[in-house]
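Enquirer: dropping a prediction and its sequence here:
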Amino acid sequence: MFMERLQKIIASSGYTSRRKAEELIKNGQVKVNDEVVNTLGYKASDKDIIEVEGTILNNYNPKVYYILNKPREVICSVSDDKNRKCVVDLIKTEARIYPVGRLDYDTTGLIILTNDGDLANILMHPHHQIKKTYIAKVNGILNADDFKKLREGIEIDKRKVHIDNFKVKKIDKVKNTSLVEITIHEGRNHIVKKIFASLHYDVLKLTRSKYAFLEIADLKSGEYRELSKNEVAELYKLK
Ligand code: URA
């Protein structure tokens, strides 16, 4: 069940600031299920009826936003019938969060999780063309013809993928592998693997390093942080 401190619930409902909410609680002007609560540590759930100065709050499901560096062998889902670890298991929160879009089970890197359906819809809508950058390790060394195809865009399942940017970052001639950074604004499943498959390469490792203006650089595998208010506002502006 979702549990949150009373002053945070009141503030996130937009009724007043958190500091003012604390004063109201201390002054005995807040009731939970018709009982006055004047202790600041009190936690309420989304089932409780909260009354502030005689007004019932009806919108107190605080929105939360996280950025996670997803490790390999974690599924981008809220549950899994095969009992695999899910991204939501890595984040300590009582809120009912879900991932915005998907990374494959074996893909690592940047994923946003939230309980804000409005923002999730904006970010996932193809019309908004959010840019995502991936670093792919592929089994081979790209040639001039591959470069030409990537520049012109690549047809996948009868629809062209426009590549916003790509750069070969490293070549290992002994192991015959390349590290390629590629930026696209597509959300189709397995799209990066399909792009390289169409050029006859396998993706050996894949990580998402950027999502719009967000970067994963400061987070280690499995680490996460809350997005700042500013970052959330900037994400909303991508609409
Ligand atoms: N493209 C892929 O092929 N896999 C991912 O996980 C993300 C993009």
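Expert: Looks like it came in fine. Residues are numbered from 1 along each chain as shown.
Enquirer: can we go C-alpha only for contacts and neighbour counts from here?
Expert: OK.
Enquirer: what strand or helix carries residue 112?
Expert: Element membership of residue 112 [criterion: DSSP states H and E] is strand 107-114.
Enquirer: name the residues that touch that strand?
Expert: Where contact means Cα atoms under 8 Å, 6 or more residues apart in numbering, the residues beyond strand 107-114 that reach it are 63-73, 88, 96-103, 120, 205-211, 215-216, 221.
Enquirer: how about a cut-off of 6 Å?
Expert: With contact meaning Cα atoms under 6 Å, 6 or more residues apart in numbering, strand 107-114 is reached by 64-72, 97-100, 206-209, 216.
Enquirer: partners of that strand, with directions?
Expert: Strand 107-114 has the following strand partners under DSSP bridges: strand 65-70 (antiparallel), strand 98-99 (antiparallel), strand 203-211 (parallel).
Enquirer: helix, strand or coil for residue 10?
Expert: Three-state assignment for residue 10 (DSSP: H, G, I helix; E, B strand; the rest coil): helix.
Enquirer: list the helices and strands the helix or strand hosting residue 24 packs on?
Expert: If you go by DSSP H and E, residue 24 is part of helix 18-26. With contacts taken as 3 or more Cα pairs under 6 Å, 6 or more residues apart in numbering; DSSP states H and E, helix 18-26 sits against helix 6-12.
Enquirer: pLDDT on the helix it packs on, on average?
Expert: Here helix 6-12 scores 87 as its mean pLDDT.
Enquirer: with stretch 77-91 instead?
Expert: In this model, stretch 77-91 has a mean pLDDT of 94.
Enquirer: quick one: end-to-end distance for that stretch.
Expert: End-to-end distance for stretch 77-91, by Cα to Cα, to the nearest Å: 13 Å.
Enquirer: hmm, who's touching it?
Expert: With Cα under 6 Å, 6+ apart as the test, stretch 77-91 has contacts from 74, 75, 76.
Enquirer: out of those, which are inside strands?
Expert: Counting by DSSP state E, none of the members of the contacts of stretch 77-91 fall within strands.
Enquirer: can you tell me the closest non-neighbouring residue to residue 134?
Expert: Of all residues not flanking residue 134 in the chain, residue 208 sits nearest, at 4.2 Å (Cα to Cα, 6 or more residues apart in numbering).
Enquirer: hang on, the earlier thing: now the strands paired with strand 107-114 as a markdown table including mean neighbour count?
Expert: Converted to a markdown table, the strands paired with strand 107-114 look like this (neighbours: other Cα atoms under 10 Å):
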| stretch | mean neighbour count |
| --- | --- |
| strand 65-70 | 24 |
| strand 98-99 | 22 |
| strand 203-211 | 20 |
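Enquirer: where does this protein have low pLDDT?
Expert: In the prediction, the chain carries residues with pLDDT under 70 at positions 1-2, 59.
Enquirer: okay, now the domains of it?
Expert: 4-56, 65-126+217-236, 131-211 (automatic domain parsing).
Enquirer: including distance to residue 51, could the strands paired with strand 107-114 go into CSV?
Expert: Shown next, in CSV, are the strands paired with strand 107-114 (distance: least, Cα to Cα, whole Å):
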stretch, distance to residue 51
strand 65-70, 26
strand 98-99, 29
strand 203-211, 40
